[in-house]
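Visitor: Provide a 3D model corresponding to the input given below.
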Amino acid sequence: MGQTVSSLGDWMGTFAFIALVYQQSGSSTAVGGILALRLLPAILGGPLVARAASRWPKRTTMIAMDIARAGMIAVVPFVRGLWWIYLWGFLVEVGSLVFLPARDALIPDLVEEDGLEQANGLVLGSSYGMIPVGAAVYALIAAMPGNEIFGRSLALVFELDAASFLVSALMISRLGPVHERRNNDTARPERPRHHPRE
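Guide: Numbers count the residues shown, from 1 in each chain. Next up is the predicted model:
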């Protein structure tokens with residue numbers, strides 16, 4: 001539930017980033033720039049960040065990144081200057097880059113092995129299934145006359161996106177006790193050796 005709400009907000013925010021950059025610049029090249037900057041962290045540091053995140057407490061890491069991204073997204077409509085929008089878009093994606101490996105690593109701690117495939121499918125479905133829904137909700141809010149806050153265009157979309165991260169953090173914090181397996185704990189225990197005649 002938390003990931004579905006967060007994914008909805010994230011896709012709304014993605015479309016809002018594109019629209020905001022185009023409003024500021026009127027350039028399709030600048031729109032390409034924000035998309036490139038949002039992909040850049042994964043290209044440059046994906047494996048390194050994933051390895052580092054695997055050593056941190058997964059649930060704490062996820063909650064911290066949700067709260068950090070909520071704060072950054074909430075500020076976006078109030079910054080001035082195209083390069084500041086680029087910077088915040090980049091930093092939000094860095095937060096996602098830390099969040100996602102922790103989320104994916106936590107799933108095996110929450111479900112039995114025979115339910116792992118279904119759980120992964122639900123996570124992927126909530127992530128990519130929200131693309132058309134996020135686009136539709138963004139378009140609806142953007143068309144509303146009251147989507148501005150303090151005169152800042154599309155501010156309501158960004159604030160709802162920020163709220164979606166807080167919903168995700170709340171849902172994660174409500175998880176019951178979780179035994180987080182470390183990398184060195186995930187190896188299968190060695191089976192006792194039996195004499196061939198036994």
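
Visitor: for residue 71, see how far away residue 80 is.
Guide: 18 Å (Cβ to Cβ, to the nearest Å). Any C-beta I mention is one placed from the backbone N, CA and C, and that applies to glycine too.

Visitor: need the contact list for residue 9.
Guide: Contacts were defined as Cβ atoms under 8 Å, 6 or more residues apart in numbering; by that measure residue 9 touches 134, 160-165.

Visitor: from these, pick the one nearest residue 144.
Guide: Checking these against residue 144 with Cβ to Cβ, the nearest one is residue 160 at 11.6 Å.

Visitor: the closest one contacts residue 140, doesn't it?
Guide: No - when contacts are counted by Cβ atoms under 8 Å, residue 160 is not listed as touching residue 140 (11.2 Å).

Visitor: who's more crowded, the two?
Guide: Set side by side, residue 160 and residue 140 show more neighbours around residue 160, with 19 against 12, by other Cβ atoms under 10 Å.

Visitor: what about the helices in the protein?
Guide: In the chain, helices defined by DSSP state H lie at 2-25, 28-53, 58-75, 82-110, 116-128, 130-143, 155-173, listed in chain order.

Visitor: the shortest one vs helix 2-25, what angle?
Guide: In other words, helix 116-128. Calculated by axes from the mean of the first three to the mean of the last three Cα atoms, to 10 degrees, helix 116-128 forms an angle of 30 degrees with helix 2-25.

Visitor: buried residues in helix 116-128?
Guide: Within helix 116-128, the residues that count as buried by 16 or more other Cβ atoms under 10 Å are 122-123, 126-127.

Visitor: re earlier: from the contacts of residue 9, list just the buried residues.
Guide: Neighbour counting with 16+ other Cβ under 10 Å marks 134, 160-165 as buried within the contacts of residue 9.
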